[in-house]
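S.K.: Fold the following and give me the result.
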Amino acid sequence: MLFYDRARENVTRFLDREFPALPRLIVSHLLNRFNELLSYKEESSFIRPKLVLTDSIESIVKAIPKSHSVTIFEDKDSSMFNMRIKSLLAVSKNDWCVFIDVKEGKISYGLLMSFNSIKDKNLLRAIEENTSIRDKKLKVRCVLVRPLNFYTMSLYSTSGNRLIVNLSLDKTKYSQVSTEMSELVEATFSKLRTTPRKLQDMKNMYLNIFQRVMNDVNGAICVIVDKDYVDNGFFEDGIWLKEPISFSKLFMQSKSYDETILQNYAELFVKMINYDGITIIDNKGRILAYNVFVEPSKKKVGNVVGGARKRAAYYILNTKKKGIVGVYFQSHEGEVFFKEIAEKKPAANKAAVKKELPNIIEDNFIQLVLDMPQ
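M.R.: Residues are numbered from 1 along each chain as shown. Below you'll find the model as predicted:
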């Protein structure tokens, strides 16, 4: 019989090093629930719950603007961990994170949320990049635990260390999610001309939207086209908007913006992506069409193993139609890629992309897979 002992040992070692006060029973319970956290299901819908393990939830709330915590349970020890977590996972939707606050003689459980604008960094990214939380003088311990797909879990400590565990025997099941999304966002705004501040706001917003797509949408295809793209019938089987939705207008027409309008348009965008078919946006960040279908030919698809979405994605890539910039694909299992059709950017530009949109997942990547006997 074969077990993933190497993954278990490395996760245990990581938590012991980064959060030594975390009770051993909680560590054991977390390891035993790893698979459940990767594919947690509530009322027929999958939830990818995010956990914040800390010894000072108050310091985190103080450090992150507009963040709020709701303490729901408080125990003297960790014996109720499984029951507490199960009840909280069911409501950890719409960017709410489950927190576990460990202090001497007391363990608190609850929910944590940042009510920042959709154009700002989301909660976990804000925690990762917050300098005051990482200040050694405060001595705040914090480990962020989040599933990336059905097979992969990320653990990040605010000391700057990261561990990624992949429980699949198939290495292709792991996707470098943050890199793919960063490149998608860069391609989406490559032809938009505005101030650096507004451009970064829009990139943050799109990154937040696609991270939500990653969490809430079972599968998706988005095609990026050039701002001057004219469809010659290739994408005719779909719904083309008479007037494209332009998020940039909401930022560029005035110094102020309406957060409610932004949120509702973002919600509409997610619903379009979640609808059957392909969503088309251009490289000025405008939404052009949704519910678009193509009929893949076997010759153009090649030997692609996967469902209809994946075959459609490779068909579009392999046709190399003029004006198509790239394709974003996401499977229901969480496999993600963004592939450009246009000429590859120089390496210096890619380095700039990673600097501008920090790699929030893959730093110090350690992929833990089963060592098969020879």
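
S.K.: Lys242 - that's part of a strand, no?
M.R.: Yes. Under DSSP: H, G, I helix; E, B strand; the rest coil, Lys242 sits within a strand.

S.K.: number of nearby residues for it?
M.R.: 4 (other CB atoms under 10 Å). All C-beta spots, glycine's among them, are computed from the backbone N, C-alpha and C.

S.K.: What of Pro196?
M.R.: Count around Pro196 with other CB under 10 Å applied: 8.

S.K.: Okay, it and Met202: tell me how far apart.
M.R.: 11 Å (CB to CB, to the nearest Å).

S.K.: close enough to count as contact, Phe329 and Phe337?
M.R.: Yes. Judged on CB atoms under 8 Å, Phe329 makes contact with Phe337 at a distance of 5.4 Å.

S.K.: tell me which residues in the strand or helix carrying Lys62 are buried?
M.R.: Assigned by DSSP states H and E, Lys62 belongs to helix 57-63. Neighbour counts over helix 57-63 (16 or more other CB atoms under 10 Å) mark Ile57, Ser59, Ile60, Val61, Ala63 as buried.

S.K.: The third one: what's it in contact with?
M.R.: Contact partners of Ile60, counting by CB atoms under 8 Å, 6 or more residues apart in numbering, are Val52, Thr54, Ser67, Ser69, Leu112, Ile127, Ile133, Val140, Cys142.

S.K.: who's the last one bridged to?
M.R.: Going back to what we said before, that points to Cys142. Taking DSSP bridges as the rule, Cys142 bridges to Thr54.

S.K.: do the third one as well
M.R.: For Ser67, the beta-bridge assignment (DSSP bridges) gives partners Ser114.

S.K.: close enough to count as contact, it and Lys121?
M.R.: No. Contact criterion CB under 8 Å: Ser67 and Lys121 do not qualify, at 11.4 Å.

S.K.: Relative to Ser67, how far out is Ser154?
M.R.: Between Ser154 and Ser67 the distance is 20 Å, computed by CB to CB.

S.K.: ok, the two, which is more surrounded?
M.R.: Ser154 (22 against 19).

S.K.: Regarding that one, what is its secondary structure?
M.R.: strand.

S.K.: who does it bridge with?
M.R.: Applying DSSP bridges, one finds that Ser154 bridges with Arg146, Ile164.

S.K.: Enumerate every residue touching it.
M.R.: Leu144, Val145, Arg146, Pro147, Leu148, Arg162, Leu163, Ile164, Val165, Ile361.

S.K.: Spatially nearest residue to Tyr229, not counting backbone neighbours?
M.R.: Leaving out its chain neighbours, the residue that sits closest to Tyr229 by CB to CB, 6 or more residues apart in numbering is Gly323, at 3.8 Å.

S.K.: which one among the contacts of Ile60 gets closest to Asp101?
M.R.: Set against Asp101, the nearest of the contacts of Ile60 by CB to CB is Thr54 (5.7 Å).

S.K.: Now do that closest one, the pLDDT please.
M.R.: According to the per-residue confidence, Thr54 scores 96 in pLDDT.

S.K.: What about it, how many residues nearby?
M.R.: By the measure other CB under 10 Å, the count of residues near Thr54 is 26.

S.K.: measure it to Ser182 for me?
M.R.: In terms of CB to CB, Thr54 sits 27 Å off from Ser182.

S.K.: okay, which residue is most central for the protein?
M.R.: Centroid-nearest residue in the chain: Gln211, 3.5 Å away (criterion: CA atoms, centre = their mean).

S.K.: So it sits against Asn122, correct?
M.R.: Yes. Under the criterion of CB under 8 Å, Gln211 makes contact with Asn122 at 6.5 Å.

S.K.: how near is Glu74 to Lys106?
M.R.: For Glu74 relative to Lys106 (CB to CB), the value is 6 Å.

S.K.: Then Asp77?
M.R.: Taking CB to CB, one finds Asp77 at 9 Å from Lys106.

S.K.: so where is the stretch 51-200 of the chain shaky, pLDDT-wise?
M.R.: 137, 169-176 (pLDDT under 70).

S.K.: where do the strands sit along it?
M.R.: 51-54, 67-75, 97-103, 106-114, 142-147, 152-157, 162-166 (DSSP state E, counting those that start in this stretch).

S.K.: State the helix or strand in which the residue nearest to Lys119 when sequence neighbours are not counted lies.
M.R.: Excluding its sequence neighbours, the residue lying closest to Lys119 (CB to CB, 6+ apart) is Asp201, at 4.1 Å. Per DSSP H and E, Asp201 falls inside helix 196-216.

S.K.: who are the neighbours of the helix or strand just after that helix, in terms of helices and strands?
M.R.: Downstream of helix 196-216, the first helix or strand assigned by DSSP H and E is strand 220-225. Secondary-structure packing of strand 220-225 (3 or more CB pairs under 8 Å, 6 or more residues apart in numbering; DSSP states H and E): helix 177-188, helix 259-274, strand 278-282, helix 308-319, strand 324-330.

S.K.: which outside residues touch the last one?
M.R.: When contacts are defined by CB under 8 Å, 6+ apart, strand 324-330 is touched by residues 180, 184, 187, 190, 210, 213-214, 217, 219-226, 229, 283, 309-310, 313, 316-317, 335-342.

S.K.: Mind listing the strands that strand pairs with, and their directions?
M.R.: By DSSP bridges, strand 324-330 pairs with strand 220-225 (antiparallel), strand 336-340 (antiparallel).

S.K.: Any idea which of those strands has the lowest pLDDT on average?
M.R.: For those, where the average pLDDT is lowest is strand 336-340, sitting at a mean of 91.
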